[in-house]
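>>> quick one, what's the 3D model for this:
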Amino acid sequence: MKAPERQRRIEALLGQHEFADLATLARELQASESTVRRDLDQLAAKGVLKRTHGGAMTVEHKTEELNFLVRDTRQADEKDLIGRAAAALVQDGMAVIVDGGTTTYHVAKHLGGKRIQVVTNSLPAANLFINSSSVETIVTGGFIYPRLGVLLGPVAEECLSTVHADIAIMSCGGVTPEGFTNSNNLIVAVQLKMMAVASRVVLCIDHTKFGRRALSPFAPLEKVHTVITDKATSRSQIAMLQKHGVEVIVAKG
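Numbers count the residues shown, from 1 in each chain. Model (predicted):
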């Protein structure tokens with residue numbers, strides 16, 4: 001593949017996912033990291049993208065895709081039912097990790113009355129507990145991901161490596177028979193830390209994520225203990241998860 005075609009592919013990938021790291025781009029383009037690095041430098045010089053540590057991101061963010069409040073309105077009813085079902089798994093005295101997705105934000109909304117510890121990399125979720133006398137909240141460090149209020153990077157990962165949780169409640173960008181995926185490797189790196197320090201891993205996934213593959217894989221199906229979804233998810237998709245030993249909870253009104 002010649003440089004102009006590679007660079008068009010890079011622009012297209014960043015247009016879909018707003019950030020990508022070198023390893024992911026090299027894999028998608030079937031090129032070496034050094035070749036991709038040169039392409040990124042050339043595109044950055046033209047003002048097409050912004051270079052970051054280990055990758056690149058779009059200069060013009062897709063407001064609708066990146067704005068937390070806008071994303072939170074999508075499948076809002078389903079997300080709230082999923083959030084209520086996930087919160088029901090949490091008992092007083094537990095330590096709970098909540099990631100930065102909009103679906104897990106709905107989980108956090110239903111945790112307020114419990115006497116628990118919450119570890120989160122989500123500023124919107126942490127904000128829900130500011131006035132809570134029962135929830136002890138630990139916020140990871142890290143850099144703030146644009147417009148989503150999610151903390152990512154090495155500082156967030158290091159913070160997570162120092163804790164243990166009874167349950168990690170997370171979201172994802174897509175699920176297929178090959179496994180769970182998310183929009184970029186920065187998010188995935190933090191989620192892998194969350195999974196490593198939790199006794200139970202729960203993914204909250206509305207029906208629109210099934211059959212969809214996001215850019216960065218982070219776990220095969222069997223690495224997740226429980227998936228909570230909504231009633232619009234097909235029986236075949238539920239069976240796919242159960243075949244790999246995943247408990248499936250269908251949230252209903």
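>>> the helices in the stretch 51-200 of the chain, which residues?
63-66, 68-72, 76-87, 102-109, 123-127, 154-160, 185-196 (DSSP state H, counting those that start in this stretch).
>>> just name the most buried of those helices.
Of all the helices of the stretch 51-200 of the chain, helix 102-109 has the most neighbours on average by mean count of other C-beta atoms under 10 Å, namely a mean of 25. In short, each C-beta sits where N, CA and C put it, glycine included.
>>> does L128 touch H110 like I think?
No: using C-beta atoms under 8 Å, L128 is not in contact with H110, being 9.9 Å away.
>>> relative to H244, how far out is the closest residue to Y145 other than its chain neighbours?
Nearest non-adjacent residue to Y145, counting by C-beta to C-beta, 6 or more residues apart in numbering: L152, 5.3 Å away. Counting by C-beta to C-beta, to the nearest Å, the gap from L152 to H244 is 28 Å.
>>> surely T24 meets L215?
Yes: with contact defined as C-beta under 8 Å, T24 counts as touching L215 (6.2 Å).
>>> between L152 and H244, tell me which one has more neighbours.
L152 (23 against 13; other C-beta atoms under 10 Å).
>>> so which of the helices of the stretch 51-200 of the chain comes closest to S34?
Nearest to S34 among the helices of the stretch 51-200 of the chain is helix 185-196 (18.3 Å), distances taken as C-beta to C-beta.
>>> so what touches that closest one?
Identification of contacts with helix 185-196 by C-beta atoms under 8 Å, 6 or more residues apart in numbering yields 19-21, 23-24, 55, 97, 99-100, 121, 140, 142, 145, 150, 152-153, 156-157, 160-161, 165, 168, 170, 172, 182, 201, 216-219, 223.
>>> apply 7 Å and report the result again.
The contact list for helix 185-196, computed with C-beta atoms under 7 Å, 6 or more residues apart in numbering, reads 19, 21, 24, 97, 99, 121, 152-153, 156-157, 160-161, 168, 170, 182, 201, 216, 218-219, 223.
>>> before we move on, what about stretch 126-138?
Contacts of stretch 126-138 (C-beta under 7 Å, 6+ apart): 108-109, 111-120, 139.
>>> ok, of these, which one's closest to L14?
Nearest to L14 among the contacts of stretch 126-138, with distances taken as C-beta to C-beta, is T120, at 27.3 Å.
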